[in-house]
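Colleague: Everything below, folded, please.
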Amino acid sequence: MSLRNQGKAQITAAAKAGISERSGRRIENNEILPGNKPKRHWRTRQDPFSEIWESEIVPMLINAPDLKPKTLFEYLQDKYPGQYGSSKERTFQRKIKKWKAQYGKGKEVMFLQRQVPGRMGLSDFTTLKKVIISVNGQPLSHILYHFRLAYSGWCHIKVILSGESFSALSEGLQDALWRLGGAPLEHRTDSLSAAFKNMTKEAMEDATNRYTTLFSHYNIKATRNNKGKSHENGGIECPHGHMKNRIEQAILLRRSNEFESVKAYQEFLNDIVNRVNHNNKDKITAEFCSLQPLPLCKTIDYTEEVVAVSTSSTIRVKRGLYTVPSRLIGEKLRVHIYHDRLELYLGMTHVFSTQRVYSSKDKRVRNVDYRHVIATLERKPQAFRYSQLRDDLLPTDAYKTIWQWLDNKMEPRSACKAMVKILALAERADCEEALGCHLLIMKETNELPVLHKLEKKFHRKRIEIPDVQIHNITGEDYNLLIPIFSQEEGLPS
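Modeller: As a prediction, this is how the structure comes out:
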């Protein structure tokens, strides 16, 4: 207005004042600006739900506060056909939302926690859903154990080949604590209902005792959140998503989800975790001073069973059938069951290790190695045809193809004898893959195998060369003999 009083044009005065020409004209004419208009408190159109709101909807909300707007709106559409179209649903949702805010029941309050260095560690299991990890061309069925310190964010991830179990928790937690170099005062997990699923009462009591012993060993107070209340473990539930996103992005950057072994996959995850921990190194260094020292050694991270080796050189563990070396037939073995392997002990002596296999809901599984029984089978090859383990004794798809070929082309007894001899040769000469490839080539040329020719080609006797140590003699060594000869011949020494 000062500029206008100086005779400036409307457009010039508005530009110098930093406003639009239209706003300047409003000010000059004492008009109400848009931002200063009184807020409207009346409806511009009739409420389509006024007739039934107080009489029907409100009583229903009072009696059942958890009713959702969608449910109520569909109820109205069914009761009053053609009166409430889909275009009115959003209006109805806003009306319900406003009523619940004014008169509805109170909502659950989340209390943000103050994190103290060295106080809380958290564990949980999670699954990669957007990425399929492959090992040697086969999809890897696994879950990830995730440990995290609530204050600093230090974390650790371990590949678990089983489901959620005490063994998986114990092995993953202890790996994390020994990589960290200390232990927090408290540890929190979810309710672990999956770990206790389908257990007998005695097994559940045993698992509970081992759970208590594990945390007592590290002087950690074990806590669990309430069943179905995942937000009580929010210190690790939310980081799950961030960590899985990092893994998925690293896979994309790597341009391959294929790994040569589970160990290589674990090292890949370790690199990701190390990068995350490096980004939090200042807080981790500060928290490390508040951690408890570790005990002198780890405690058990397995479950244990006692099994007897049957006359077929097999044992049964957790609905799985395993072959063992035939020398153990008739013995009772203690089996340490880990998430990925079985360790077998005769008394206190370790005698055998094997990979653990897992059964599905409708199928039991086997881990059969023909090397364990081939010596006996070679003496009675006709037992091969109707053996319950016949298909499992054939180590690869190539050998299954070879057996079908021999069984079709040869007389039954000869086919059994030839197949057993081939397996025995593969074991003795340690040439399973090479022998299988050679026989597949013979199949293509329709040339039946001749056993003595295969023996000559693949079974080369090993010549053991003795380790002979030759000591070089120097002139000084001969000088040591001079006094001896001098005394024998009576010569002055």
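
Colleague: Run through the stretch 51-200 of the chain and note the low-pLDDT ranges.
Modeller: 191-200 (pLDDT under 70).

Colleague: hmm, try it at 80
Modeller: For the stretch 51-200 of the chain, the stretches flagged by pLDDT under 80 are 110-113, 162-163, 190-200.

Colleague: remind me, longest helix of the protein?
Modeller: helix 234-254 (DSSP state H).

Colleague: hang on, residue 293 packs against residue 180?
Modeller: No. With contact defined as C-beta atoms under 8 Å, residue 293 does not reach residue 180; the gap is 11.5 Å. Quick note: C-beta positions are derived from backbone N, CA and C, even for glycine.

Colleague: In terms of neighbours, single out the busier of these two.
Modeller: Applying other C-beta atoms under 10 Å to residue 293 and residue 180 shows that residue 180 carries more neighbours, namely 21 against 10.

Colleague: before we move on, back to that, now do the longest helix of the chain: everything it contacts.
Modeller: 113, 115, 120, 122-124, 126, 128-131, 146, 148, 150, 153, 155, 157, 188, 230-231, 257, 268-269, 272, 276 (C-beta atoms under 8 Å, 6 or more residues apart in numbering).

Colleague: Just the ones of the residues you listed in helices?
Modeller: 268, 269, 272, 276.

Colleague: Let me know the closest of the residues you listed to residue 371.
Modeller: residue 268 (31.7 Å; C-beta to C-beta).

Colleague: OK, contacts around the closest residue in space to residue 413 that isn't next to it in sequence?
Modeller: Leaving aside its chain neighbours, residue 413 sits nearest to residue 382 (6.3 Å; criterion: C-beta to C-beta, 6 or more residues apart in numbering). Contact analysis of residue 382 by C-beta under 8 Å, 6+ apart lists 413, 416, 417.

Colleague: Give me the three-state assignment for residue 382.
Modeller: Following DSSP: H, G, I helix; E, B strand; the rest coil, the label given to residue 382 is helix.

Colleague: circling back to that earlier point, show me how far the longest helix of the chain is from its chain's centre.
Modeller: How far helix 234-254 lies from its chain's middle: 13 Å, per C-alpha atoms, centre = their mean, to the nearest Å.

Colleague: now swap in stretch 136-145 and tell me
Modeller: In terms of C-alpha atoms, centre = their mean, the centre of stretch 136-145 is found 8 Å from the chain centre.

Colleague: CA atoms of it as CSV?
Modeller: Provided in CSV are the C-alpha atoms of stretch 136-145 (Å, rounded to 0.1, in the frame of the first residue of the first chain):
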residue,chain,number,x,y,z
ASN,A,136,25.0,-77.2,-6.9
GLY,A,137,21.9,-76.6,-9.0
GLN,A,138,19.4,-77.6,-6.3
PRO,A,139,17.2,-75.2,-4.4
LEU,A,140,18.4,-74.9,-0.8
SER,A,141,15.6,-75.4,1.7
HIS,A,142,16.7,-73.4,4.7
ILE,A,143,15.9,-70.6,7.2
LEU,A,144,18.1,-67.9,8.6
TYR,A,145,18.9,-67.5,12.3
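
Colleague: one step back: ok, so of the ones in helices among the contacts of helix 234-254, who is nearest residue 72?
Modeller: Taking C-beta to C-beta as the measure, residue 72 sits nearest to residue 276 out of the ones in helices among the contacts of helix 234-254, at 46.2 Å.

Colleague: Report the contact partners of residue 391.
Modeller: Contacts of residue 391 (C-beta under 8 Å, 6+ apart): residue 400.

Colleague: Show me how the record splits the chain into domains.
Modeller: Domain ranges of the chain: 2-36, 50-103, 120-288, 303-364, 368-493, per automatic domain parsing.

Colleague: Residue 297 is nearest to which of those?
Modeller: domain 120-288 (9.2 Å).

Colleague: Now do the end-to-end distance for the closest one.
Modeller: 12 Å (C-alpha to C-alpha, to the nearest Å).

Colleague: distance between that domain and the chain's centre?
Modeller: For domain 120-288, the distance to the chain centre is 8 Å (C-alpha atoms, centre = their mean).

Colleague: could you dump the domains of the chain to a markdown table with distance to residue 42?
Modeller: Shown next, in a markdown table, are the domains of the chain (distance: least, C-beta to C-beta, whole Å):
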| stretch | distance to residue 42 |
| --- | --- |
| domain 2-36 | 18 |
| domain 50-103 | 14 |
| domain 120-288 | 42 |
| domain 303-364 | 63 |
| domain 368-493 | 79 |
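
Colleague: tally of neighbours for residue 263?
Modeller: Neighbour number of residue 263 under other C-beta under 10 Å is 11.

Colleague: Secondary structure element holding it?
Modeller: helix 262-279 (DSSP states H and E).

Colleague: Could you list every helix and strand in contact with that helix?
Modeller: Judged by 3 or more C-beta pairs under 8 Å, 6 or more residues apart in numbering; DSSP states H and E, the packing partners of helix 262-279 are strand 155-160, helix 234-254.

Colleague: so which of those is the most packed in?
Modeller: The highest mean neighbour count among the helices and strands packed on helix 262-279, using mean count of other C-beta atoms under 10 Å, belongs to strand 155-160: a mean of 22.

Colleague: buried ones in whichever helix or strand comes after that one?
Modeller: Toward the C-terminus, strand 155-160 is succeeded by helix 166-180 as the next helix or strand (DSSP H and E). Neighbour counts over helix 166-180 (16 or more other C-beta atoms under 10 Å) mark 166-177, 180 as buried.

Colleague: Which of these sits closest to residue 371?
Modeller: Once C-beta to C-beta is applied, the member of those that ends up nearest residue 371 is residue 167, at 27.1 Å.

Colleague: What residues does that closest one make contact with?
Modeller: Taking C-beta under 8 Å, 6+ apart, we find residue 167 in contact with 301, 302, 303, 337, 338, 339.

Colleague: Please identify the buried residues of stretch 54-68?
Modeller: 57, 61.

Colleague: For the remainder of this discussion, apply numbering that starts at 369.
Modeller: New numbering, starting at 369: the last item is stretch 422-436.

Colleague: Roughly how far does residue 501 sit from residue 460?
Modeller: Distance, residue 501 to residue 460, using C-beta to C-beta, to the nearest Å: 47 Å.
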